[in-house]
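>>> Have a look; sequence and predicted model below, questions after that.
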Amino acid sequence: LARGFVEPGDTLFIDCGTTTPHLARRLTDVKDVTVVCYAINIAEIVRRIDTVKLILLGGVYHPSSASFESAEALETLHRIGINKAFMSAGGFHPEHGVSCSNFHEVAVKQEAMRKAVTTCLVVDSSKYGKVRPAWFAELGAFDRIFVDPGLEPGPRAELADFGATVVSA
């Protein structure tokens, strides 16, 4: 579903996580796209796609999320224009917002969202109602929420109340 939102010429930020690699694998037919990431699993997928330019933000490697972190990465991200940021989360909760398990991810996530023209949350329904220790955004910070069909109609309507377009199969 999120892949259908990607257009030729876009600069995308693709977050670390277990959901976002599914998006990265589906970029093979898009021309003239730049992907900015800080996760080795995303970089490994995208580097094999000839039509995609990869910008990997480096730094200290964190095995817990297969991602990198550094002040230099944030400075680089600050200088990049991003059309669409595709963010992942370990939990998304109507009252307590969007969170992940690793505090070192928060600054990169927030900067990517700040820089993006459009912010997208890409999550699976099992994470609804969950709260993880590292909070990074309110649900209202997202323009679109891509979620699998396992999310019940009540929670789906609740998410739409935050102003986001909820996209589900």
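Yes, it's here. Everything numeric in this text was worked out from a predicted model, so none of it was measured.
>>> Could you list the low-pLDDT ranges of this structure?
Of all residues in the chain, none has pLDDT under 70.
>>> State which strand of it is the longest.
In the chain, assigned by DSSP state E, the strand with the most residues is strand 116-123.
>>> Show me what the residue nearest the centre of the chain is bridged to.
By Cα atoms, centre = their mean, the mean C-alpha position of the chain lies nearest to residue 87, the distance being 1.6 Å. On DSSP bridges, the residues paired with residue 87 through beta bridges are residue 121.
>>> That one and residue 31, how far apart?
Using Cβ to Cβ, to the nearest Å, one obtains 24 Å as the distance from residue 87 to residue 31. C-beta coordinates here come from the backbone N, C-alpha and C atoms, glycine included.
>>> what's near enough to touch the residue nearest to the centre of the chain?
Contacts here follow Cβ atoms under 8 Å, 6 or more residues apart in numbering; on that basis residue 87 touches 13, 15, 98, 109, 112-113, 119-122, 137, 142.
>>> next one: residue 78
Taking Cβ under 8 Å, 6+ apart as the criterion, residue 78 is in contact with 111, 115.
>>> That one and residue 168: what is the separation?
When Cβ to Cβ is the yardstick, residue 78 and residue 168 sit 33 Å from each other.
>>> go on, residue 126?
Applying Cβ to Cβ, one obtains 14 Å for the distance of residue 126 from residue 168.
>>> can you check residue 159 too?
Taking Cβ to Cβ as the measure, residue 159 and residue 168 are separated by 10 Å.
>>> so what sits against both of those two?
Joint contacts of residue 159 and residue 168 (Cβ under 8 Å, 6+ apart) are 147, 151.
>>> If you count surrounding residues, which of the two has more?
Comparing residue 159 with residue 168 by neighbour count (other Cβ atoms under 10 Å), the higher total belongs to residue 159, at 22 against 15.
>>> my guess is that one is in a helix, correct?
Yes: according to DSSP: H, G, I helix; E, B strand; the rest coil, residue 159 belongs to a helix.
>>> mind checking which helix or strand the closest residue to it other than its chain neighbours is in?
Computed as Cβ to Cβ, 6 or more residues apart in numbering, the closest residue to residue 159 that is not its neighbour in sequence is residue 166, at 5.0 Å. In the assignment (DSSP states H and E), residue 166 maps to strand 165-167.
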